[in-house]
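Q: Build me a model:
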Amino acid sequence: MGNQKLKRLATQDGMATSTDSIQTTLRLSRRLYERAACHAGRGKTGSVNDFIVKALAAHLEALEREAIDETFCGMAKDKRYQREALQIVEQFGG
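A: Coordinates of the predicted model:
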């Protein structure tokens with residue numbers, strides 16, 4: 001992490017006027033880089049960097065949603081929670 005630099009960047013897509021960014025080095029296989037470059041050239045992202053940032057953000061959001069879903073899955077199997085939820089619904093005329 002010694003080569004990281006903190007920068008102030010303005011986004012081009014209008015999502016934010018400025019953001020704190022960390023500059024870091026990423027090693028990709030040539031094949032993965034070429035695939036990313038191909039998609040970046042075709043899509044709404046103008047650069048491989050933008051493509052990777054958006055892809056990473058989407059992947060992290062999916063992982064976080066999955067963790068939340070797993071938490072709620074436990075609630076579906078919890079008999080005590082199910083009883084309490086049913087009582088609440090009945091109390092409010094459901």
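Q: which residues of the protein score low on pLDDT?
A: Regions of the chain meeting the criterion pLDDT under 70 cover residues 1-18, 94.
Q: in it, which spans are helices?
A: Ranges of helices in the chain, per DSSP state H, are 30-42, 48-77, 79-91.
Q: what packs against the longest one?
A: By that I understand helix 48-77. Counting contacts by 3 or more Cβ pairs under 8 Å, 6 or more residues apart in numbering; DSSP states H and E, helix 48-77 packs against helix 30-42. C-betas here are computed from N, CA, C, even on glycine.
Q: who's in contact with A57?
A: For A57, no residue meets the contact criterion (Cβ atoms under 8 Å, 6 or more residues apart in numbering).
Q: now the residue nearest the centre of the chain: how far from Q82?
A: Note on the chain: the residue nearest the mean C-alpha position is E61, at 2.6 Å, using Cα atoms, centre = their mean. Separation of E61 from Q82 (Cβ to Cβ, to the nearest Å) stands at 29 Å.
Q: ditto for R42
A: 48 Å.
Q: With H39 instead?
A: Counting by Cβ to Cβ - H39 and Q82 are separated by 45 Å.
Q: same deal with A58?
A: For A58 relative to Q82 (Cβ to Cβ), the value is 33 Å.
Q: Neighbours of V48, how many?
A: V48: 18 surrounding residues under other Cβ atoms under 10 Å.
Q: Isn't it up against A37?
A: Yes - under the criterion of Cβ atoms under 8 Å, V48 makes contact with A37 at 5.1 Å.
Q: can you pull the buried residues of stretch 52-61?
A: I52 (16 or more other Cβ atoms under 10 Å).
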